[in-house]
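**Q** build me a model:
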Amino acid sequence: MSFLTRTPTLIAMFILQALIFLAFGPFVESVGGTFLDTVMTGAESRTVIAAMSEGQRWTHFWVTVVLDTLYPLAYGAFFVGVAVKSFGKFGRIAALPAFAASIVDLTENTVQALALSGAADVLDAKDWLTPLKFGLFAAAGLIALLGVIIGIVHLFTNKTAPPANP
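**A** Coordinates of the predicted model:
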């Protein structure tokens, strides 16, 4: 866990998550204009998939399997690292929303990849997975923002952040 709290690792994960986020952009049109990650329910997802051509489904499948697998790993590592580094003995507790957001996001990706490939339709799980993902992501982002502010304050007051749990 200490690897994630190192400043170079945090900077690298922040840059990586930003680059992956930007990498989705060129694929918007080739997937039909809507990424399933932004669709909140299974019923809406079925409608979006039904409107896609076979090529759009195939492209969306690979964007989900590659980019949208890397994205929660990158943002999760960044959010977890900031939380553990910034909140001392409470760091692991502060990191729980980030860890959970990554797991829920990866689960949602699996549900979407199964549907896009035609292997299985378990899209009804999106009714709770997607809102949960967004809620956990928001909580983890706020915790990370607070952690960054704590780090900046410590930087200017010449104090070090409280020690992280080993």
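**Q** list the helices and strands whatever helix or strand Ala94 lives in packs on?
**A** Taking DSSP states H and E as the definition, one finds Ala94 inside helix 91-117. Where contact means 3 or more CB pairs under 8 Å, 6 or more residues apart in numbering; DSSP states H and E, helix 91-117 is packed against helix 42-50, helix 54-65, helix 67-86, helix 126-156. (Each C-beta comes from the backbone N, C-alpha and C, glycine too.)
**Q** looking at those, which is buried most?
**A** helix 67-86 (a mean of 23; mean count of other CB atoms under 10 Å).
**Q** next, the angle from that helix to helix 91-117.
**A** Interaxial angle of helix 67-86 relative to helix 91-117 (axes from the mean of the first three to the mean of the last three CA atoms, to 10 degrees): 180 degrees.
**Q** which secondary element of this structure has the worst mean pLDDT?
**A** Lowest on mean pLDDT, DSSP states H and E among the helices and strands of the chain sits helix 2-5, with a mean of 89.
**Q** just after that helix, pick out the following helix or strand.
**A** Remark: after helix 2-5, the chain's next helix or strand is helix 7-24, criterion DSSP H and E.
**Q** can you give me the buried ones in that following helix?
**A** By 16 or more other CB atoms under 10 Å, the buried positions in helix 7-24 come out as 9-10, 13-14, 16-17, 20.
**Q** mind listing what the residue positioned nearest the centre of the chain touches?
**A** Central residue of the chain (CA atoms, centre = their mean): Pro72, 3.2 Å from the mean position. Going by CB atoms under 8 Å, 6 or more residues apart in numbering, Pro72 touches 101-102, 105-106, 109.
**Q** what about the closest residue to it other than its chain neighbours, how many neighbours?
**A** Among residues not flanking Pro72 along the chain, Asp105 sits closest, at 3.8 Å (CB to CB, 6 or more residues apart in numbering). Number of residues near Asp105 (other CB atoms under 10 Å) recorded here: 25.
**Q** pretty sure Asp105 contacts Lys133?
**A** Yes. Using CB atoms under 8 Å, Asp105 is in contact with Lys133, at 5.1 Å.
**Q** so Gln126 makes contact with Val111?
**A** Rather than Gln, residue 126 is Lys. Yes. With contact defined as CB under 8 Å, Lys126 counts as touching Val111 (6.2 Å).
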